[in-house]
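In: no sequence on this one, just coordinates:
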């Protein structure tokens with residue numbers, strides 16, 4: 001079985017639709033709430049039938065920064081993957097949650113994408129014998145996407161080059177990068193879905 005983690009700024013509606021009733025694929029989407037497509041990607045969209053509990057949405061408010069994304073990984077993504085124990089982890093790695101993306105309203109920099117990628121490498125080593133595939137998805141800032149993608153590739157290759165992101169520190173200084181209370185409420189609600197996933201897994205064992 002496989003797990004798909006989608007951190008593109010838009011809801012992973014296609015993946016959700018295909019696997020919504022399929023317990024053999026765990027789908028997790030971190031996205032800007034009600035961006036596109038509107039009306040999709042809510043916490044209540046948790047799968048149906050045999051797939052109930054195997055679809056997890058984390059609809060973060062616009063303006064979420066590194067604190068919200070890293071908390072989402074540590075409190076929702078990691079526990080879900082550890083419970084599910086997939087044979088393969090796939091990451092839909094969009095970079096349109098960057099602070100300079102013209103379509104999204106999030107505040108990530110390349111160093112945050114580097115840290116998220118490092119978390120995925122470590123989780124894959126723990127739960128799927130290192131089997132990890134990352135695919136490039138969205139990202140519409142022609143000037144900034146390359147730095148984000150480069151940081152992820154460096155992480156996968158376990159090699160740092162001399163390329164320096166000249167905007168990373170600037171984004172880090174933006175107000176609201178730390179986890180905010182209204183963002184924490186969403187993450188806490190998504191965290192509550194892990195219990196349902198564990199129950200479904202136990203009943204299927």
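Out: Thanks, I have it. Being a predicted model, the structure only gives us computed values, none of them experimental.
In: give the contact list for the closest residue to residue 172 other than its chain neighbours.
Out: Among residues not flanking residue 172 along the chain, residue 109 sits closest, at 6.2 Å (C-beta to C-beta, 6 or more residues apart in numbering). For the C-beta atoms, the positions are set from N, CA and C on the backbone; glycine is no exception. For residue 109, the contact set (C-beta atoms under 8 Å, 6 or more residues apart in numbering) comprises 66, 98, 99, 148, 165, 167, 168, 171, 172.
In: Surely the fourth one and residue 94 touch.
Out: No. With contacts counted by C-beta atoms under 8 Å, residue 148 stays clear of residue 94, the gap being 9.4 Å.
In: Those two: which is more packed in?
Out: Regarding residue 148 and residue 94, a neighbour count based on other C-beta atoms under 10 Å identifies residue 148 as having more, with 30 against 25.
In: gap between that one and residue 132?
Out: 18 Å (C-beta to C-beta, to the nearest Å).
In: Could you do residue 5 as well?
Out: 10 Å.
In: what do those two both touch?
Out: In contact with both residue 5 and residue 132: 89, 90, 91, 120, using C-beta under 8 Å, 6+ apart.
In: In JSON lines: the residues you listed, plus pLDDT.
Out: Output for the shared contacts of residue 5 and residue 132, formatted as JSON lines (pLDDT from 0 to 100):
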{"residue": "89", "pLDDT": "99"}
{"residue": "90", "pLDDT": "99"}
{"residue": "91", "pLDDT": "99"}
{"residue": "120", "pLDDT": "99"}
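In: among those residues, which are in helices?
Out: When DSSP state H defines the helices, the subset of the shared contacts of residue 5 and residue 132 inside them is residue 120.
In: what's the most distant pair in the shared contacts of residue 5 and residue 132?
Out: Farthest apart among these by C-beta to C-beta are 90 and 120. That separation is 9.9 Å.
In: pLDDT score assigned to the residue nearest to residue 172?
Out: What the model reports for residue 109 is a pLDDT of 99.
In: what about residue 185, which helix or strand?
Out: helix 181-191 (DSSP states H and E).
In: got a list of contacts for that helix?
Out: For helix 181-191, the surrounding residues in contact (C-beta under 8 Å, 6+ apart) are 33, 43, 56-61, 64, 67-68, 71-72, 75-76, 79, 179.
In: Would you mind writing the ChimeraX command to select the buried ones in those residues?
Out: Here the buried members of the contacts of helix 181-191 are turned into a ChimeraX selection, burial being counted by 16 or more other C-beta atoms under 10 Å:
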select :33,56,57,58,59,60,61,64,67,68,71,72,75,76,79,179
